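S.K.: quick one: sequence plus predicted model below, questions after.
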Amino acid sequence: MEQENKEMEVVPADKAKILKIWKVTGILFLATVIEFIIAFTVDAGAFKTSIFIILTIFKAFYIVGEFMHLSHETKSLIYTIMLPCVFVLWLILALLIQGAAIFEALGL
Amino acid sequence: MASTAVVVEENKNLWDGGGVEPFKASYGKLMMWFFLLSDAFTFSALLVSYGLIRYRHVAFDYSSGPFEFSQAYWPVPEYVFNGMPWLHGMHLPLVFVGIMTFILIMSSVTMVLAVEAGHRNDRVAVEKWMLWTILGGLTFLGCQAWEWTHFIVGTDDGGRLLDGSLFYGANLSMNQYGPPNFAALFFFITGFHGFHVFSGVVINFIIFYQATTGVLARRGTYEMVEKVGLYWHFVDLVWVFVFTFFYLV
């Protein structure tokens, strides 16, 4: 029974680490706010879409890198996760082009 | 065939008990990463289909006058998602979905703090931050339930279908907002994401329960919190993409 009540030793919080977490939070929040401003001020088009995609990838970088801690893993793990995703990016681009081609073929 | 003989060195190439960790990550964490990668493919497939179907439809031409719902072109999201609880009939483009995004990002932050507390073996802090995370997840699910209801019930004025009849709201085969595929994709993509949030809340609760009952402390490590944390951040990450491609673009 004695063993069950045993608590592990608590390490005191590292202020710098907590500060870093809130800093990343601020960056994510700011990026979302910028997205909102652009959504209502810039006219629809390729330029607007590219800004959105860049900001989304920017946010994804911070979430995966800092929150999911991937930036601090070994290089081989980083590439194992990242490379397949890069190929998916190509798939997205290829199918967007395909979508436009279908649109033209339909002659709408 | 002596050359094919494999010499098994003691404690080498063994995962369990061998002390060698591929990628210097534990088994559970690595498998979670691989699962998330496969899950990312699923979500990519859904978003890719959305992109393809959207680009094969006519886009709304702003020079042709103010926007109104029509089956002739793909709707502009900010005119579809402009509702807000208790503020009926007001045009508040993307405000509610912005609040939802903020809630999910905040619950991701509390999850990081729970993981950080887990590293320090601080049980009280783990419990506190896990509870906040669960609360954030439930709030998000509630918001999504409202969003879906609003989308399904429709606006006061409704919209014309191709045969000229008036239709209110949306289902899988027709909707007042635009081409049938618009609502179908909305249900599919946000529904699949919502299901992930739901399962995330359930998993978070299980780990929260194990932390409070001392299961994790007895095990000697709070790594479980880190593993479910990975899943929860992934759910948040997917929402970042859904938000951009479904609501903003």
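M.R.: Nice, thanks for sending it over.

S.K.: alpha carbons only for contacts and neighbour counts from here, please
M.R.: Noted.

S.K.: pLDDT on whichever helix or strand B:Gly191 is part of, on average?
M.R.: Assigned by DSSP states H and E, B:Gly191 falls within helix B:180-212. Helix B:180-212 shows a mean pLDDT of 95.

S.K.: can you give me how far that helix is from the chain middle?
M.R.: 6 Å (CA atoms, centre = their mean, to the nearest Å).

S.K.: mind listing what's buried along that helix?
M.R.: Of the residues in helix B:180-212, those scored as buried under the neighbour-count criterion (16 or more other CA atoms under 10 Å in any protein chain shown) are B:180-187, B:189-190, B:193-194, B:196-198, B:200-201, B:203-205, B:207-211.

S.K.: could I get the pLDDT score of B:Asp172?
M.R.: Not quite, residue B:172 is Leu, not Asp. According to the model, B:Leu172 carries a pLDDT of 89.

S.K.: so, low pLDDT: which residues of chain A?
M.R.: By pLDDT under 70, the weakly predicted segments of chain A are A:1-7, A:108.

S.K.: I meant to write chain B there.
M.R.: In chain B the weaker segments, taking pLDDT under 70 as the threshold, are B:1-20.

S.K.: show me the residue at the heart of chain A, geometrically.
M.R.: For chain A, the residue nearest the mean C-alpha position is A:Ala60 (0.6 Å; CA atoms, centre = their mean).

S.K.: can you give me phi and psi for it?
M.R.: A:Ala60 has phi and psi values of phi -60, psi -40 when expressed as degrees, to the nearest 10.

S.K.: check contacts around it.
M.R.: Applying CA atoms under 8 Å, 6 or more residues apart in numbering or on different chains, we find A:Ala60 in contact with B:237, B:240.

S.K.: which stretches of chain A form helices?
M.R.: If you assign secondary structure with DSSP state H, the helices in chain A sit at A:15-41, A:46-62, A:75-106.

S.K.: list the buried residues in the last one.
M.R.: The reference is to helix A:75-106. Applying 16+ other CA under 10 Å to helix A:75-106 flags A:77, A:85, A:88, A:92, A:95-100, A:102-103 as buried.

S.K.: about what we covered before: ok, which of the helices of chain A comes nearest B:Met84?
M.R.: B:Met84 lies closest, by CA to CA, to one member of those: helix A:15-41, at 16.7 Å.

S.K.: list the contacts for B:Ala211?
M.R.: Each residue near B:Ala211 by CA under 8 Å, 6+ apart is listed here: B:123, B:126-127, B:217.

S.K.: what ranges does chain B have for its strands?
M.R.: For chain B, strands defined by DSSP state E occupy the ranges B:159-160, B:166-167.

S.K.: save those as a markdown table, and put in distance to B:Gly98 and mean neighbour count too.
M.R.: A markdown table is the format used below for these (distance: least, CA to CA, whole Å; neighbours: other CA atoms under 10 Å in any protein chain shown):
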| stretch | distance to B:Gly98 | mean neighbour count |
| --- | --- | --- |
| strand B:159-160 | 25 | 20 |
| strand B:166-167 | 28 | 14 |
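
S.K.: for chain A, which of those strands is the nearest?
M.R.: Taking CA to the nearest CA, strand B:159-160 is the member of the strands of chain B nearest to chain A, at 19.8 Å.
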